[in-house]
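[1] Fold the following.
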Amino acid sequence: MIQLFFSHVMKDLKMTGNEVYEVLIRRGVSYLHHANSLITSTSLLNLGGLASRELVEARNLPQTYQYTDQSDKNLGVWGDIFLDTVDIHKRASRRNNYGPILFVVNAEILKLATNVLITKSNPSKWNTQTPHATRYFTSTDELEEGLAIGEFDQMLTLRTSNGLLPLAGLLEYILVDDPIQGPQPGPEFTQAQNTLMQLTDTPIIRRECQPWCKCSSGYSDAQVLSKMFSPC
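    All right, here's what the predicted structure looks like:
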């Protein structure tokens with residue numbers, strides 16, 4: 001059995017999942033969002049939940065490389081599970097750089113986490129000397145005052161003892177990008193849909209974008225298509 005050592009466990013965590021859940025509900029946030037590539041998403045479904053990249057690596061499952069992987073390890077967030085308060089693709093009218101497969105999750109999942117924090121800035125902007133209080137909101141009072149729903153730098157980071165949050169009963173639906181915005185589904189969407197349907201009974205919905213969305217141009221690069229939609 002693989003033994004995981006989560007170096008990110010810290011004594012100065014201030015908020016429980018229940019506390020953050022209550023703050024978000026008061027702000028009208030009932031659903032959370034996790035975007036990833038197709039191959040990483042299949043690994044998560046095989047694990048049965050949202051997983052840290054540390055756990056996926058430890059289980060020898062495939063996941064798409066991210067440029068922040070090494071810095072995440074250095075900063076102690078490699079074992080965290082990241083969620084957003086909004087659908088970044090829809091809000092920004094462009095493809096989500098993390099991937100075209102969006103898990104839309106009931107916010108109740110926060111109650112399963114040992115600790116929940118919300119970043120004040122993207123970890124890519126930190127260094128190893130960045131203080132905890134500069135990285136994160138550290139209390140519910142501070143969170144109530146400073147939380148800006150839809151601010152992309154403010155990400156939820158969830159921590160558990162094993163790096164996994166079960167999705168059973170909490171995954172509402174999966175929203176999948178289609179690089180071809182037309183009346184008929186394109187090959188990338190169809191491939192993703194077929195791949196995901198083998199792993200879950202969760203509804204899989206084709207994203208329909210507004211005319212001004214720039215996602216199609218974001219998928220015009222063949223390397224991006226291959227990286228984001230490769231099933232293996």
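[2] how near is the residue located most distally from the centre of the chain to Asp80?
    Centroid-distance maximum for the chain: Pro183 at 28.5 Å, with Cα atoms, centre = their mean. As judged by Cβ to Cβ, to the nearest Å, Pro183 and Asp80 stand 40 Å apart. Where you see a C-beta, it was placed from the backbone N, CA and C, and this is true even at glycine.
[3] Grab the most central residue of this structure for me.
    Using Cα atoms, centre = their mean, the most central residue of the chain is His34, at 2.9 Å.
[4] in what helix or strand does that one lie?
    strand 31-36 (DSSP states H and E).
[5] cool, and Thr157?
    Assigned by DSSP H and E, Thr157 belongs to strand 156-159.
[6] After that strand, which helix or strand is next?
    According to DSSP H and E, the helix or strand after strand 156-159 is strand 164-166.
[7] Go through that following strand and flag the buried ones.
    164-165 (16 or more other Cβ atoms under 10 Å).
[8] After it, which helix or strand is next?
    strand 171-176.
[9] quick one, what contacts Ile118?
    Remark: with contacts taken as Cβ atoms under 8 Å, 6 or more residues apart in numbering, Ile118 is in contact with 20, 136-137, 143, 147, 154-157.
[10] Of these, which pair is most distant in space?
    Spanning the widest gap among the contacts of Ile118 are Leu147 and Thr157, at 14.1 Å by Cβ to Cβ.
[11] End to end on stretch 37-54, go ahead and measure it.
    Terminal residues of stretch 37-54 are spaced 16 Å apart (Cα to Cα, to the nearest Å).
[12] For it, buried residues please.
    Residues 37-45, 47, 49-54 are the ones in stretch 37-54 that count as buried (16+ other Cβ under 10 Å).
[13] what do you get for stretch 192-203?
    192-193, 195-196, 200, 202.
[14] average pLDDT across that stretch?
    Averaging pLDDT along stretch 192-203 gives 97.
[15] Render the CA-only coordinates of stretch 109-124 in PDB, please.
    Extracted in PDB, the C-alpha atoms of stretch 109-124 (Å, rounded to 0.1, in the frame of the first residue of the first chain):
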ATOM      1  CA  ILE A 109     -18.400  18.800  -0.200                       C
ATOM      2  CA  LEU A 110     -16.600  21.400   2.000                       C
ATOM      3  CA  LYS A 111     -17.900  19.600   5.000                       C
ATOM      4  CA  LEU A 112     -15.800  16.600   4.200                       C
ATOM      5  CA  ALA A 113     -12.600  18.500   4.300                       C
ATOM      6  CA  THR A 114     -10.300  18.500   7.400                       C
ATOM      7  CA  ASN A 115      -9.400  22.200   6.700                       C
ATOM      8  CA  VAL A 116     -10.500  24.700   4.100                       C
ATOM      9  CA  LEU A 117      -8.700  27.800   3.100                       C
ATOM     10  CA  ILE A 118      -9.200  30.500   0.500                       C
ATOM     11  CA  THR A 119      -6.200  32.100  -1.100                       C
ATOM     12  CA  LYS A 120      -5.700  35.800  -1.300                       C
ATOM     13  CA  SER A 121      -3.600  35.400  -4.400                       C
ATOM     14  CA  ASN A 122      -2.700  32.700  -6.800                       C
ATOM     15  CA  PRO A 123       0.000  30.400  -5.400                       C
ATOM     16  CA  SER A 124       2.000  31.000  -8.600                       C
END
